[in-house]
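mind folding the following:
(one chain, ligands or ions: 1)
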Amino acid sequence: MSRSPPLPDQPTLELDPEMTDRERLAALREHFADIVDVNATLEERLDDARERREDLREEVDKLERENETLKTTSLYVATAEELTDDGIVIKQHGNNQEVLTEVSPKLREKIESGDRVAVNDSFTVQTVLEAEKDARAQAMEVDESPDVTYDEIGGLEDQMQEVREAVEQPLENPEQFEQVGIEPPSGVLLHGPPGTGKTMLAKAVANQTDATFIKMAGSELVQKFIGEGAKLVRDLFELASQREPAIVFIDEIDAVASKRTDSKTSGDAEVQRTMMQLLSEMDGFEDRGDIRIMAATNRFDMLDRAILRPGRFDRLIEVPEPDEEARHKILDIHTRNMGVADDVDFDKLAAETEGKSGADIESLTTEAGMFAIRDERTEVRQSDFEDALEKMDENDEETGIVTKGSLPSYAY
Ligand SMILES: Nc1ncnc2c1ncn2[C@@H]1O[C@H](COP(=O)(O)OP(=O)(O)OP(=O)(O)O)[C@@H](O)[C@H]1O
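Predicted coordinates for the structure are as follows:
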């Protein structure tokens, strides 16, 4: 907005007692003329201000109308691909059509290529979608420094050892592999029943190596971000290369990499595209530097063997349900910060929790704590654990969820 010139000073009248009448009259006339001048200038300014107010009012009306239209019409989502002197090239989601379109100069300043934008019927860019609304942000969990450490994982000593060799060593001592002349494993696949600590293992290795942990859930790629799976996989690896060292963790990888079915529905084609993208990212992975790839599944039997070829997920680590000794350790870990009464018999509890996963045992300890709170106690007793166990088993029966360990091993 242009700044208006300063207002003229108020004219002053200085009369000297020595002045003759004629001189006074002349001075008064001059003063009067000054006042008339100032008045004229002020009136002119007032007219300008009125005019400006009118313009602004019109602008406000226009913006309000635009705002209303924006609120009432549907907008389409597109990605800004390229900013050119002639406008912005956008690619519509859904049909992938590319359009050169216009955008107001104000909005243009805020757009970077790759941003998601909302366009109207005539493709004019209306708004830039905030990062939070971006599928990328929603689909990936990015944790700069996950707080899980190896000593919080009960049992799984062999698995931890394998993960450390396959993921931690290549990140911490890459020269060791060079000297021996071998390539570290490309990808590590953790497979086993739900809630047994697969995600924990991946987080712990990220913590140990000070790597960024970037997680994406396969099921979400195909259920929540329909049509965007392949792009999100590309984004996942791009983000990892910006955040090196990084651990990419693809949970429920079976959702995007299960054996081909005969059905030709578009959903399957989409899943296939997502998987092909994942394979091509992994194949071109060698030059990617400090990024390690991990994945997890509890449907190992369903996996398309293509993802297990050398250079892809070529290190398989089974994460089984905990045995009695491991359950004991998991109980110890999850009661570390609890007030536990002397009568609590962890050996007995470890035996009684046969078939329960680490996640089940964590819920059990929380539930036992709830029983103590209900009883207005700060110490958890053996009876609280027994009650919690009983409640868990009743719930399992009601919901029909069979305790994981009793499922056939191939399906986990
Ligand atoms: N071995 C374990 N030691 C200690 N806690 C465990 C263990 N396994 C599971 N837990 C507890 O269960 C929670 C869930 O575990 P996690 O997410 O690592 O399982 P997961 O194998 O990745 O499961 P899913 O296959 O369902 O994704 C953890 O946050 C932890 O509290």
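
tell me how far residue 208 lies from the ligand.
According to CB to the nearest ligand atom, to the nearest Å, residue 208 and the ligand sit 15 Å apart. Where C-beta positions appear, they are placed from N, C-alpha and C, glycine not excepted.

which of the three states applies to the nearest residue to that residue once chain neighbours are set aside?
Among residues not flanking residue 208 along the chain, residue 168 sits closest, at 5.8 Å (CB to CB, 6 or more residues apart in numbering). Of the three states, residue 168 takes helix under DSSP: H, G, I helix; E, B strand; the rest coil.

let's number from 25 now, not from 1
That works, and once the first residue is 25, the last one we named lands at residue 192.

enumerate every residue touching residue 192.
Going by CB atoms under 8 Å, 6 or more residues apart in numbering, residue 192 touches 229, 232-233.

residues contacting the residue lying closest to residue 176 once chain neighbours are set aside?
Excluding the flanking residues, the one nearest residue 176 by CB to CB, 6+ apart is residue 357, at 5.8 Å. Counting by CB under 8 Å, 6+ apart, residue 357 touches 176-178.

closest to residue 346 out of the contacts of residue 192?
The shortest gap between residue 346 and any of the contacts of residue 192 belongs to residue 229, at 19.4 Å (CB to CB).

okay, now the closest one: neighbour count?
The tally of other residues near residue 229 (other CB atoms under 10 Å) stands at 26.

tell me the confidence at it?
pLDDT recorded at residue 229 is 94.

contact partners of stretch 38-45?
Contacting residues not belonging to stretch 38-45 are listed as 47-48, 51 [CB under 8 Å, 6+ apart].

rerun at 6 Å
residue 48 (CB atoms under 6 Å, 6 or more residues apart in numbering).

next: stretch 116-126.
101-102, 111-115, 147-148.

and those residues, which two are furthest apart?
The span of the contacts of stretch 116-126, defined through CB to CB, is set by 101 and 111 at 18.1 Å.

would you mind measuring from the residue nearest to residue 232 to the ligand?
Applying CB to the nearest ligand atom to residue 192 and the ligand gives a distance of 17 Å.

and the contacts of stretch 116-126, which are buried?
Neighbour counting over those (16 or more other CB atoms under 10 Å) leaves 102, 111-114, 147-148 as the buried ones.

would you confirm that residue 382 contacts residue 354?
Yes. In this structure, residue 382 is within contact of residue 354 by CB atoms under 6 Å, at 5.0 Å.

what is the nearest of the buried ones among the contacts of stretch 116-126 to the ligand?
Taking CB to the nearest ligand atom as the measure, the ligand sits nearest to residue 102 out of these, at 33.9 Å.

quick one: secondary structure of the closest one?
strand.

from residue 263, how far out is it?
Look at residue 102 and residue 263: by CB to CB, to the nearest Å, they are 21 Å apart.

residue 230 now?
Taken as CB to CB, the span from residue 230 to residue 263 is 14 Å.
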